[in-house]
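Peer 1: Build the 3D model from these lines:
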Amino acid sequence: MIYPTLYHIEYSVVLVYKNINNMLYYYMSIKIISCHPIFNENAVVLSKKFNWKLENEFDPQAGDLYIVYGAHEMSHQLLECQYRKNSSYGYIIMNSEQMQSQFMKNKYYIQLMKRNVVFDYNTITSDYLKSAFDVKVLSYYFFEFMRFNNETNSKEYDICFIGSKNEQREKLLDELQEEFQDLKFYVDFDWSHKSAESLTEILQKSKVVLNIGYYNECRPLETHRINKALASDCDVVSSLSDDTDANDFYKDYCYLTTDIKDTLHKYFNEELEKKKGYEELVKTLSQKFCPHMNFIITHVHEKLLSLNNTNATDTKDLPKPPEASGDNLSSNTETKDETGVTV
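Peer 2: Next up, the predicted model:
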């Protein structure tokens, strides 16, 4: 029998220590930032789900890979910093903007997506990015929220809508308040609930959350709002989108309709069956998207580390991932307020 010498033991310990350090560096160099408070909760949940670091101060180092929520809000700063650092680190842009958004006319945001990897929440915008800008979306993703149960089961508001103001939304909500005068409404067009805590508090007091699309054409299903409402123990009545796959998937979780007024009558007359809950939604979406998303992130990061201080991450040489489905989520985010990260 050959007994290990002290040298062998010390050498083995050093190898184990180096391997642990390499693994820690690998995971710690995948980071998450949120550039707008509406996405802060999503960033926290993703961080906990995959044990990736959530950063409040933005100080990129060579080999870092940043998963960026709300990049459209700080596209110029993100792009300038990447140029300044000689593209030694990379971004995965979690696009939440629809094709009609003002940010799709922002040359810095388009350039940021062209230079980096892009994930999206729906097939409509994904197809538009490819056809209009030759930006290829490599994965779909979904917005996950913390689950909040209403322990008292008391609901102060019957109907709630929170979102950006436009003529179509304002007109419909005026009609609904005229139609349902015996019900109590909560309507906020002013972005009074930017923080997750404030938004959760008002949603937990609401029975039904309305999901009314912001645009009239080529509308994805705005599932950022749907998912947050379901996570806050609300039922959701939503206008149909132009994304048939998303409509087909979400019909089991919310009341999708072409006539919101009629559907509300049926809901409050207890003529509608109860939909599936948030836990089942997250379980299904996680099985559907997380393996593919993690596959792409892992390979992008590995390539970034191998390139080290060379050019920006190039997606053309990435291994071909498994096929992914195209149901997902969004919310109109055309606001110009405080951010969740310092650049």
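
Peer 1: and stretch 170-179, which residues are buried?
Peer 2: Using 16 or more other C-beta atoms under 10 Å as the burial criterion, the residues of stretch 170-179 that qualify are 172-173, 176. Using the backbone N, CA and C atoms, a C-beta is placed for each residue, glycine as well.

Peer 1: could you say which helix or strand contains the residue nearest the centre of the chain?
Peer 2: In the chain, the C-alpha closest to the average C-alpha coordinate belongs to Phe143, at a distance of 3.8 Å (C-alpha atoms, centre = their mean). Phe143 belongs to no helix or strand when assigned by DSSP states H and E.

Peer 1: and it, what pLDDT?
Peer 2: Confidence at Phe143, expressed as pLDDT, is 97.

Peer 1: ok, it to Ala229 distance?
Peer 2: 12 Å (C-beta to C-beta, to the nearest Å).

Peer 1: Now for those two: what residues contact both?
Peer 2: Residues touching both Phe143 and Ala229 by C-beta atoms under 8 Å, 6 or more residues apart in numbering: none at all.

Peer 1: ok so, going back, turn the buried residues of stretch 170-179 into a markdown table, columns for distance to Glu73.
Peer 2: Formatted as a markdown table, the buried residues of stretch 170-179 follow (distance: C-beta to C-beta, whole Å):
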| residue | distance to Glu73 |
| --- | --- |
| Leu172 | 28 |
| Leu173 | 27 |
| Leu176 | 31 |
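
Peer 1: Which ones among the residues you listed map onto helices?
Peer 2: Among the buried residues of stretch 170-179, the ones falling in helices (DSSP state H) are 172-173, 176.

Peer 1: from these, which is closest to Asn216?
Peer 2: The nearest member of those to Asn216, counting by C-beta to C-beta, is Leu172 at 12.1 Å.

Peer 1: one step back: nearest to Asn51 among the ones in helices among the buried residues of stretch 170-179?
Peer 2: Distance to Asn51 across these (C-beta to C-beta) is lowest for Leu173, with 41.8 Å.

Peer 1: Would you mind giving the domain segments of the chain?
Peer 2: Annotated domains of the chain cover 15-144+286-307, 157-279 [automatic domain parsing].

Peer 1: what about the shortest one, how long is it end to end?
Peer 2: What that stands for is domain 157-279. End-to-end distance of domain 157-279 (C-alpha to C-alpha, to the nearest Å): 24 Å.

Peer 1: How far off centre is it?
Peer 2: Remark: domain 157-279 is offset 18 Å from the chain centroid, using C-alpha atoms, centre = their mean, to the nearest Å.

Peer 1: Just the mean pLDDT for that domain, thanks.
Peer 2: Averaging pLDDT along domain 157-279 gives 96.

Peer 1: on that earlier part again, tell me which of the ones in helices among the buried residues of stretch 170-179 is nearest to Phe161?
Peer 2: The shortest approach to Phe161 among those belongs to Leu173, at 6.1 Å (C-beta to C-beta).

Peer 1: Distance check, that closest one against Tyr278.
Peer 2: Leu173 sits 25 Å away from Tyr278, going by C-beta to C-beta.

Peer 1: Could you do Phe145 as well?
Peer 2: Separation of Phe145 from Tyr278 (C-beta to C-beta) stands at 8 Å.
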